[in-house]
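Visitor: here is a sequence together with a model predicted from it:
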Amino acid sequence: MVVNHFSYGSGGLFTRFRGLLGDGLRDRLAAHLAACWPGVSRRELVVWTECNTVQAECAGLLPPLVLPGELDGPGGLDPGETALVHCAATGTLSLADRAGEPIGLAYLGLIPQHLLQSYVRLLAVLADPWINAAPYSDYTMVKAFELQAHCGPGVVHLPRQTIGRVVTRRESWIVPVDLLPGAVLDADRFRRAHGMPEEVFAHQLGATTMSMSGERKPLWVSLASPLSLGALAQWLRPETRHVRVVEALPARNRHPQLDAAGRRRATEHAVLVRWPRQEG
């Protein structure tokens with residue numbers, strides 16, 4: 001099992017699949033949100049007109065906070081009926097209704113919260129102000145500053161890290177673009193010299209985290225395929241100086257899930273996690 005990424009915890013990764021997976025998923029998501037905001041009124045922050053219409057596929061799990069320009073829904077609440085409350089004792093901001101009762105605001109959209117604009121972004125922060133800074137995932141952008149320290153003139157090997165049977169960092173190599181092989185025979189010698197598997201993923205590294213944002217998704221590469229090596233060369237941006245070459249883990253012959261025909265299938269698991277609320 002590889003821990004690939006920590007994401008926002010309200011459930012936005014799941015809500016788009018309500019129509020596909022049925023009411024059972026809806027009920028589990030609603031129970032998760034109820035546990036996140038126990039004993040208070042809960043509202044959904046819906047911002048699909050602000051970003052793109054795909055966001056609408058996520059709406060409808062909770063009564064909405066109806067922002068200007070957004071569509072109303074059953075039990076919708078106008079922002080004019082709310083107040084932003086500052087608690088001097090805890091130094092926190094929260095949303096409340098006119099009676100002073102707190103509102104649990106859940107953002108369940110597809111667009112990452114930090115890409116929202118204007119006051120909507122502030123509301124998204126109020127909805128989920130927490131940042132999971134745990135180092136136990138293999139998301140390249142989260143590790144950008146750590147990886148940049150290894151960007152030098154030669155190939156740097158970074159070993160796999162595990163906690164028991166759970167992989168928190170895949171084995172990888174930081175490679176200067178100038179050292180990447182272009183021909184299959186060169187690639188075979190290169191990978192054997194550095195202990196690389198035949199199938200890998202490549203991530204472009206920039207000088208800063210933000211310079212990586214244009215190519216967040218890695219590229220699958222077969223170091224035994226001239227077509228794949230050509231695709232890698234075309235994929236690289238002119239300003240890219242280093243790539244992170246990462247083992248494809250699990251290997252394709254090690255995936256435990258089988259389909260009806262007995263063929264191995266890659267499976268991605270998404271898990272909602274929450275911590276017990278501290279009282280007092």
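Guide: Happy to help now that I have it. Numbers count the residues shown, from 1 in each chain.

Visitor: what sits against Pro256?
Guide: For Pro256, the contacting residues are Arg264, Thr267, by CB atoms under 8 Å, 6 or more residues apart in numbering. Where you see a C-beta, it was placed from the backbone N, CA and C, and this is true even at glycine.

Visitor: where does it fall, helix, sheet strand or coil?
Guide: Of the three states, Pro256 takes coil under DSSP: H, G, I helix; E, B strand; the rest coil.

Visitor: and the gap between Val2 and Ala266?
Guide: Remark: distance between Val2 and Ala266 (CB to CB, to the nearest Å) = 11 Å.

Visitor: using CSV, write out every CA atom in the host helix or strand of Gln234.
Guide: Using DSSP states H and E, Gln234 maps to helix 226-235. Extracted in CSV, the C-alpha atoms of helix 226-235 (Å, rounded to 0.1, in the frame of the first residue of the first chain):
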residue,chain,number,x,y,z
PRO,A,226,11.8,4.4,-28.0
LEU,A,227,8.3,5.8,-28.4
SER,A,228,8.0,6.4,-24.6
LEU,A,229,11.5,8.0,-24.5
GLY,A,230,10.4,10.3,-27.4
ALA,A,231,7.3,11.3,-25.5
LEU,A,232,9.4,12.1,-22.4
ALA,A,233,11.6,14.4,-24.5
GLN,A,234,8.6,16.3,-25.9
TRP,A,235,6.9,16.5,-22.6
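
Visitor: what helices or strands is it leaning on?
Guide: helix 184-194, strand 219-222 (3 or more CB pairs under 8 Å, 6 or more residues apart in numbering; DSSP states H and E).

Visitor: between these, which one is nearest to Ala233?
Guide: Of all those, strand 219-222 sits nearest to Ala233, with 10.4 Å by CB to CB.

Visitor: in its sheet, what does the closest one sit against?
Guide: Paired with strand 219-222 in the same sheet, following DSSP bridges, are strand 199-205 (antiparallel).

Visitor: what about the helices in the chain?
Guide: 12-15, 18-21, 23-36, 118-127, 144-148, 184-194, 226-235 (DSSP state H).

Visitor: among those, which is the most enclosed?
Guide: The highest mean neighbour count among those, using mean count of other CB atoms under 10 Å, belongs to helix 12-15: a mean of 20.

Visitor: helices or strands up against it?
Guide: The contact analysis (3+ CB pairs under 8 Å, 6+ apart) places helix 12-15 against helix 23-36.

Visitor: ok, and what's touching the helix it packs on?
Guide: Residues outside helix 23-36 that contact it (CB under 8 Å, 6+ apart) are 9-11, 14-15, 17-18, 42, 61-62, 104, 106, 272, 274.

Visitor: scan those and report the most crowded one.
Guide: In terms of neighbour count, Ser10 stands highest of those at 28 neighbours, by other CB atoms under 10 Å.

Visitor: I'd assumed Leu108 was in contact with that residue.
Guide: Yes: counting by CB atoms under 8 Å, Ser10 touches Leu108, with 5.9 Å between them.

Visitor: can you pull the residues that touch both of these two?
Guide: With CB under 8 Å, 6+ apart applied, the contact sets of Ser10 and Leu108 do not overlap.

Visitor: look at Val2 and Ala266 and report which has more neighbours.
Guide: A count of neighbours by other CB under 10 Å puts Val2 above the other of Val2 and Ala266, at 18 against 9.

Visitor: pLDDT value on that one, please?
Guide: With respect to pLDDT, Val2 scores 92.

Visitor: list the beta-bridge partners for it.
Guide: With DSSP bridges as the criterion, Val2 is bridged to Val167.

Visitor: and the contacts of helix 23-36, which two are the farthest apart?
Guide: Greatest spatial distance among these (CB to CB): Phe17 and Gly104, at 22.3 Å.

Visitor: ok so, going back, in a markdown table: the helices of the chain, plus distance to Leu158.
Guide: Listed next are the helices of the chain as a markdown table, based on distance: least, CB to CB, whole Å:
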| stretch | distance to Leu158 |
| --- | --- |
| helix 12-15 | 28 |
| helix 18-21 | 37 |
| helix 23-36 | 35 |
| helix 118-127 | 33 |
| helix 144-148 | 8 |
| helix 184-194 | 12 |
| helix 226-235 | 20 |
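
Visitor: nearest to Ala202 among those would be which one?
Guide: If you check each of the helices of the chain against Ala202 by CB to CB, helix 226-235 wins as the nearest, at 6.1 Å.

Visitor: kind regards, and thank you for your time.
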